[in-house]
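Chemist: Dropping the sequence and predicted coords here.
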Amino acid sequence: MNTENNIPRGQLLLRTLAMPADTNANGDIFGGWIMSQLDLAGAILAKEISGGRVVTVSVDKIEFKAPVGVGDVVCCYGECKRIGNTSMSVGLEVWVKPVDVEAVGDRYRVCEATFNYVAINSEGRPRPIQKKLVISKVRFNEPDFFIVKQLFYEVVLQQSLLKQLYLPTAHFQSKH
């Protein structure tokens, strides 16, 4: 994951507020609560990509880099790292913006993880992930860009992110 220029990687998938009920014995936000927010965020992206129901099958890694405090704004960002025939891996980052009585602080990354999901049918059995075009808007500071990713399942490579284009917003504006 990338922290260059203090920019989260991927798209904003989930935003919430860390509350006192979610603290551990030290008064910080419980790591299990952070993990559940990551799973919710990753599942949102996985459902959009697969076009239906998904289940979490594993977590390849999770790394907690800094504690989260009560009242912090917690933001989960993510991007698809791999798509197979029925499964996908989603890279996730948690960023917080500390909020206290005096001011709002600068955001910083507190956690990163990779979650794996499987697309399932109505009987709970794995189903193939169909080819589709995913367009996501990501803020890079200035200007906004659209990232167009053509997602394919390719038999020989068992891998899917084949093409990535960066198009300025101006390309989508009408000349009227």
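Modeler: In hand now; what should we look at?
Chemist: got the residue ranges for the helices in the chain?
Modeler: 31-50 (DSSP state H).
Chemist: Tell me how many other residues crowd the nearest residue to residue 130 once chain neighbours are set aside.
Modeler: Spatial nearest neighbour of residue 130, chain neighbours left out: residue 51 (6.1 Å); criterion: C-beta to C-beta, 6 or more residues apart in numbering. Heads up, the C-betas are built off the backbone N, CA and C, glycines and all. Residue 51 has 12 neighbours, counted by other C-beta atoms under 10 Å.
Chemist: Contacts only, for the residue nearest in space to the middle of the chain.
Modeler: Closest residue to the average C-alpha location of the chain: residue 78 at 1.7 Å, with C-alpha atoms, centre = their mean. Residue 78 makes contact with 10-11, 13, 41-42, 45, 90-93, according to C-beta atoms under 8 Å, 6 or more residues apart in numbering.
Chemist: Select from those every entry located in strands.
Modeler: If you go by DSSP state E, those have 11, 13, 90-93 in strands.
Chemist: Report the buried members of these.
Modeler: Among these, those that count as buried by neighbour count (16 or more other C-beta atoms under 10 Å) are 11, 13, 90-93.
Chemist: if we can go back for a sec, which pLDDT does the model give the residue nearest to residue 130?
Modeler: Here the pLDDT value assigned to residue 51 is 91.
Chemist: any idea how far it is from residue 96?
Modeler: In this view, residue 51 and residue 96 are 32 Å apart by C-beta to C-beta, to the nearest Å.
Chemist: can you check residue 77 too?
Modeler: The value you get for residue 77 to residue 96, if C-beta to C-beta is used, is 12 Å.
Chemist: now the ones in strands among the contacts of residue 78 as a markdown table including pLDDT and distance to residue 19?
Modeler: Output for the ones in strands among the contacts of residue 78, formatted as a markdown table (pLDDT from 0 to 100; distance: C-beta to C-beta, whole Å):
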| residue | pLDDT | distance to residue 19 |
| --- | --- | --- |
| 11 | 94 | 24 |
| 13 | 96 | 19 |
| 90 | 96 | 25 |
| 91 | 97 | 26 |
| 92 | 98 | 21 |
| 93 | 97 | 21 |
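Chemist: which among those residues gets closest to residue 115?
Modeler: Within those, the smallest distance to residue 115 is 5.2 Å, found for residue 90 (C-beta to C-beta).
Chemist: Is that closest one bridged to anything, and to what?
Modeler: Beta-bridge partners for residue 90, by DSSP bridges, are residue 80, residue 115.
Chemist: Kindly report the same for residue 55.
Modeler: Taking DSSP bridges as the rule, residue 55 bridges to residue 118.
Chemist: got the contact list for it?
Modeler: Neighbouring residues of residue 55 by C-beta under 8 Å, 6+ apart: 117-118, 120, 124.
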